[in-house]
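> Just to be clear, the model below is a prediction. Sequence and coordinates:
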Amino acid sequence: MVLCTASNTEAKKLRYHYVDLGTLGGRYSWGNGINNWGQVAGVSETENGEFRGFLWNGKKMKNLGSFDEDVISGAWSINDRGQAAGFTVNADDQRRAVAWDRNGIHELETLGGSENEALGISVSGEIVGWASTPDETLHAALWDSEGVTDLDPFQTVMSWAWSINKSGEVVGAILTPDDHLRAVMWSDGGMQELGTLGGDESEAFGINDRGEIVGWCELPGDVWRACMWDSSGEPVDLGALDGLYSEAFSINDRGQAVGVYYLDRRREQPRPFLWTQEQGMVDLNTLSELPEGVALSQALAINDFGWISATNSLGTACLLIPYRSHEHKGHHKNSLTPSRRLRD
């Protein structure tokens with residue numbers, strides 16, 4: 001297989017194949033994370049009306065399962081080893097952070113409280129998310145081979161971590177004492193609060209291995225936009241096309257970001273976007289070969305080859321595979337053999 005590495009300078013020729021990933025037998029599914037092998041992890045409704053985490057391997061969805069007493073499970077992210085991070089929910093509505101690998105499902109430690117949740121996983125298997133303390137305060141947490149670490153041991157208000165890169169830099173958000181949400185990054189130097197676009201609030205969702213961070217920032221006037229922070233911590237407004245609001249969920253090592261923008265003030269009409277430095281924000285519906293009657297509603301994750309995990313208007317997970325419109329494209333669709341770049 002030839003994985004697409006189309007230049008952003010040829011964005012007018014960039015197109016996407018559409019692959020519907022289906023469900024585990026129910027009506028709905030969401031693909032939350034994608035790795036460089038093209039594997040997608042998320043959550044799907046089963047034929048019994050339950051919701052379970054899934055792994056799509058290029059041919060079909062696999063039910064990742066849960067513990068016997070749990071009523072829901074879901075995966076948020078997946079690394080290149082095929083390890084997935086996510087959560088389960090039991091009958092008492094308590095969340096538990098879990099990880100899946102080839103040996104099955106594994107429960108992660110709390111910080112002494114009753115709940116936790118795993119949100120992001122690095123290529124080396126480090127996991128970030130949140131865990132409750134003995135007084136049931138939510139703190140950003142990191143799980144590795146040595147156990148769980150409280151990323152905010154002296155914090156008295158909530159915090160959580162969404163993503164971690166190969167250097168161990170972690171991004172997420174804290175709730176300040178004056179009840180404002182602020183994007184932050186944790187690194188060897190401690191916690192760094194990231195800038196805003198003139199408003200009071202922000203949140204960071206994704207970080208790539210170059211240290212570029214994406215999320216959203218509030219502007220003056222209670223409007224918030226997708227933004228990207230560089231190493232200085234200063235944000236850049238990524239725009240919102242025809243909408244007022246937008247947020248970016250994921251950024252790859254080529255600096256391509258994906259997320260959603262909203263056409264209405266109630267944010268009930270999400271539309272997916274691709275953002276690049278050269279072309280800015282583009283609606284993915286205009287770049288994709290879609291079946292009749294189907295539109296794209298969300299773009300949730302992007303891998304280093306530009307493959308995008310998305311959701312369609314029918315409420316099912318889908319995959320967008322890029323190609324150059326002037327090249328033969330049939331060989332891109334179904335193979336998941338990695339390129340030499342990935343093997344190296």
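Cool, got the structure. Residues are numbered from 1 along each chain as shown.
> and the spatially closest residue to Pro291 that is not a sequence neighbour, what does it touch?
Closest residue to Pro291 apart from its sequence neighbours, by C-beta to C-beta, 6 or more residues apart in numbering: Tyr18 at 7.0 Å. (C-beta placed from N, C-alpha, C; glycine too.) Listed by C-beta atoms under 8 Å, 6 or more residues apart in numbering, the contact set of Tyr18 reads 288-291, 294, 318-320.
> closest to Gly199 among the residues you listed?
When the contacts of Tyr18 are ranked by distance to Gly199 (C-beta to C-beta), Leu320 comes first, at 31.3 Å.
> Where does pLDDT dip in the stretch 101-250 of the chain?
For the stretch 101-250 of the chain, residues meeting the criterion pLDDT under 70 lie at 156.
> so the residue nearest to Pro291 is in which element?
Per DSSP states H and E, Tyr18 falls inside strand 14-22.
> for the residue nearest to Pro291, which residues make a bridge with it?
On the basis of DSSP bridges, Tyr18 takes part in beta bridges with Leu320.
> again, but for Pro235
According to DSSP bridges, the residues that bridge with Pro235 are Trp229.
> rewinding a little: where strands are concerned, which of the contacts of Tyr18 count?
Using DSSP state E to define strands, the subset of those located there is 318-320.
> Pull out the buried residues from the residues you listed.
With burial judged by 16 or more other C-beta atoms under 10 Å, the buried subset of those is 318-320.
> Neighbours of Asp283, how many?
Here the number of neighbours of Asp283 (other C-beta atoms under 10 Å) works out to 17.
> need the contact list for it.
Residues counted as contacts of Asp283 (C-beta under 8 Å, 6+ apart) are 241, 261, 271-273.
> ok, now Gly42?
29-33, 53-54, 56, 74-75, 309, 317.
> Now a PyMOL select for only the buried ones of these.
Applied in PyMOL, the following selects the buried portion of these according to 16+ other C-beta under 10 Å:
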select buried, resi 29+30+31+32+33+53+54+56+74+75+309+317
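> all helices for the stretch 51-200 of the chain, in order.
Defined through DSSP state H, counting those that start in this stretch, the helices belonging to the stretch 51-200 of the chain form an empty list.
> Quick check: Asp144 touching Ile121?
No. Under the criterion of C-beta atoms under 8 Å, Asp144 is not in contact with Ile121, lying 10.7 Å apart.
> Find the residues that touch each one of the two.
Contact with both Asp144 and Ile121 is made by residues Ile127, according to C-beta under 8 Å, 6+ apart.
> More neighbours: those two, which one.
The neighbour count for Asp144 versus Ile121, taken as other C-beta under 10 Å, is higher for Ile121 (28 against 15).
> Can you name the helix or strand that Leu300 falls in?
Taking DSSP H and E as the criterion, the element that holds Leu300 is strand 296-302.
> May I have the strands that pair with that strand, each with its orientation?
Sheet neighbours of strand 296-302, with direction, are listed as strand 308-312 (antiparallel) (DSSP bridges).
> Could you check the partner strand and say which residues are buried?
Buried residues in strand 308-312, defined by neighbour count with 16+ other C-beta under 10 Å: 308-312.
> Over to stretch 208-222?
Within stretch 208-222, the residues that count as buried by 16+ other C-beta under 10 Å are 208, 212-219.
> Asn312 is in contact with Ala295, isn't it?
Yes. Checked against C-beta under 8 Å, the pair Asn312 and Ala295 is within contact range at 6.7 Å.
> thinking again about what came up before, tell me the one among the buried ones among the ones in strands among the contacts of Tyr18 nearest to Ala299.
In terms of C-beta to C-beta, no member of those lies closer to Ala299 than Leu320, at 7.7 Å.
> Rebuild the buried residues of stretch 208-222 as CSV, extending it with secondary structure and distance to Gly172.
Listed next are the buried residues of stretch 208-222 as CSV, based on DSSP: H, G, I helix; E, B strand; the rest coil; distance: C-beta to C-beta, whole Å:
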residue, secondary structure, distance to Gly172
Asn208, coil, 15
Glu212, coil, 16
Ile213, strand, 10
Val214, strand, 12
Gly215, strand, 9
Trp216, strand, 13
Cys217, strand, 15
Glu218, strand, 17
Leu219, strand, 21
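> Out of these, give me the two with the largest separation.
Of all pairs drawn from the buried residues of stretch 208-222, the widest gap by C-beta to C-beta lies between Asn208 and Leu219 and measures 24.2 Å.
> returning to that earlier point: quick check, nearest of the ones in strands among the contacts of Tyr18 to Val236?
The shortest approach to Val236 among the ones in strands among the contacts of Tyr18 belongs to Leu320, at 24.1 Å (C-beta to C-beta).
> Can you tell me the strand partners of the helix or strand following the strand holding Tyr18 and which way each runs?
With elements assigned by DSSP H and E, the helix or strand that comes after strand 14-22 is strand 25-34. Strand 25-34 pairs in its sheet with strand 40-46 (antiparallel), by DSSP bridges.
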